[in-house]
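Asker: What follows is a predicted protein model with its sequence.
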Amino acid sequence: MVHLPVLIADLGLILAAAGVITLLFKKIKQPLVLGYILAGVVVGPHLDFFPTITDYK
């Protein structure tokens, strides 16, 4: 239960990024699946744009 606030913050960040990128991709008339993939890459742990995405063991 200790990780629940971090999980909620991470999910909120992921949903916000997906929402913004979805609106952008609709505006430029590109497939939404590419937007979701881009959102996953941007929010994922490999680029370190957002330090809240963590991996607990």
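Answerer: Alright, I've got the coordinates.
Asker: so how far is the helix of greatest length in the chain from its chain's centroid?
Answerer: Secondary structure of the chain per DSSP state H: the longest helix is helix 4-27. Mean-position distance between helix 4-27 and its chain equals 5 Å (Cα atoms, centre = their mean, to the nearest Å).
Asker: Now the helix or strand immediately after that helix in the chain: buried residues?
Answerer: Remark: after helix 4-27, the chain's next helix or strand is helix 32-43, criterion DSSP states H and E. Judged by neighbour count (16 or more other Cβ atoms under 10 Å), helix 32-43 contains these buried residues: 35, 38-39, 42-43. Every C-beta, even on glycine, is put in place using the N, C-alpha and C of the backbone.
Asker: Flag the shaky bits of the chain, pLDDT-wise.
Answerer: Within the chain, the segments meeting pLDDT under 70 span 1, 50-57.
Asker: what about 80?
Answerer: Along the chain, segments meeting pLDDT under 80 span 1-3, 6, 44-57.
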